[in-house]
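> Provide a 3D model corresponding to the input given below.
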Amino acid sequence: MQIKPIQNEYEREIINLILNIQQNEFNVAITLEDQPDLLNIKNFYYESGGCFLGAFIDEKLVGTIALVKFNEENAAVRKMFVLKEYRGKEYNIAQQLLEQLITYSKENGLSNLYLGTVSILQAALRFYERNNFIAIEKEALPHDFPLMQADNVFRQLQLNQIK
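Numbering: from 1, shown residues only. You can find the predicted model right below:
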């Protein structure tokens with residue numbers, strides 16, 4: 001497996017992977033129109049100081065994670081998706097994606113990572129808890145956190161508490 005930064009040249013593969021998981025696997029009522037960031041990854045993620053990582057097996061995109069820097073100290077974790085057949089401890093793709101994102105965040109001087117997700121994604125919530133993300137109320141989010149309409153559960157990771 002290889003994890004590397006990806007941009008607009010992988011737009012079609014990214015959209016297919018993410019929308020299929022959101023809509024078909026988890027029945028989340030979200031469309032491409034609700035996620036314009038997927039149509040301009042370079043500007044949306046990289047211009048602010050964030051990144052978008054892809055996990056590849058045999059040159060096939062099997063997982064993604066992204067970081068939106070929304071102020072000097074804080075960023076939002078977005079687009080954490082792994083194809084169903086590549087999930088779990090055997091491949092450990094989600095863990096490796098998150099660890100690379102945390103390393104990138106620390107190297108770029110961030111203090112906190114935040115994320116929003118939907119309560120139906122119980123395995124994802126357990127994954128974030130195992131990785132020291134703590135539950136916070138929506139009202140506790142920074143005022144400039146980029147909210148997604150569907151999100152109803154929020155987490156925070158203080159990077160200075162991670163070795």
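
> Can you give me the buried ones in whichever strand or helix holds residue 125?
In this structure, residue 125 is located in helix 122-130 according to DSSP states H and E. For helix 122-130, the neighbour count (16 or more other C-beta atoms under 10 Å) marks 124-125, 127-128 as buried. Quick note: C-beta positions are derived from backbone N, CA and C, even for glycine.

> got it, and stretch 156-163?
Taking 16+ other C-beta under 10 Å as the neighbour-count basis, stretch 156-163 is seen to contain the buried residues 156-157, 159.

> how near is residue 47 to residue 40?
According to C-beta to C-beta, to the nearest Å, residue 47 stands 9 Å off from residue 40.

> Have a look at these two and say which one is more surrounded.
For residue 47 and residue 40, the more surrounded residue by other C-beta atoms under 10 Å is residue 40, and the numbers stand at 13 against 10.

> check contacts around that one.
By C-beta atoms under 8 Å, 6 or more residues apart in numbering, the contact list for residue 40 reads residue 8.

> For beta bridges, what are the partners of the closest residue to residue 78 other than its chain neighbours?
Once its chain neighbours are removed from consideration, residue 78 has its nearest residue in residue 66; the separation is 4.4 Å (C-beta to C-beta, 6 or more residues apart in numbering). Taking DSSP bridges, one obtains residue 52, residue 78 as the residues bridged to residue 66.

> For residue 58, see how far away residue 66 is.
If you go by C-beta to C-beta, the gap between residue 66 and residue 58 works out to 23 Å.

> okay, these two: which has more neighbours?
Neighbours were counted for residue 66 and for residue 58 using other C-beta under 10 Å; residue 66 has more, 27 against 7.

> Tell me how far that one lies from residue 120.
From residue 66 across to residue 120, the span is 20 Å (C-beta to C-beta).

> How far does stretch 47-58 stretch from one end to the other?
For stretch 47-58, the separation between the terminal residues is 29 Å (C-alpha to C-alpha, to the nearest Å).

> Give the buried residues for it.
Of all the residues in stretch 47-58, those buried under the rule 16+ other C-beta under 10 Å are 49-56.

> Let me see the mean pLDDT of that stretch.
Across stretch 47-58, pLDDT averages out at 97.

> Show me what that stretch is in contact with.
By C-beta under 8 Å, 6+ apart, the surrounding residues in contact with stretch 47-58 are 1-7, 10, 13-14, 41, 45-46, 61-70, 75, 79, 82, 86, 91, 93, 96-97, 100-101, 104, 108.
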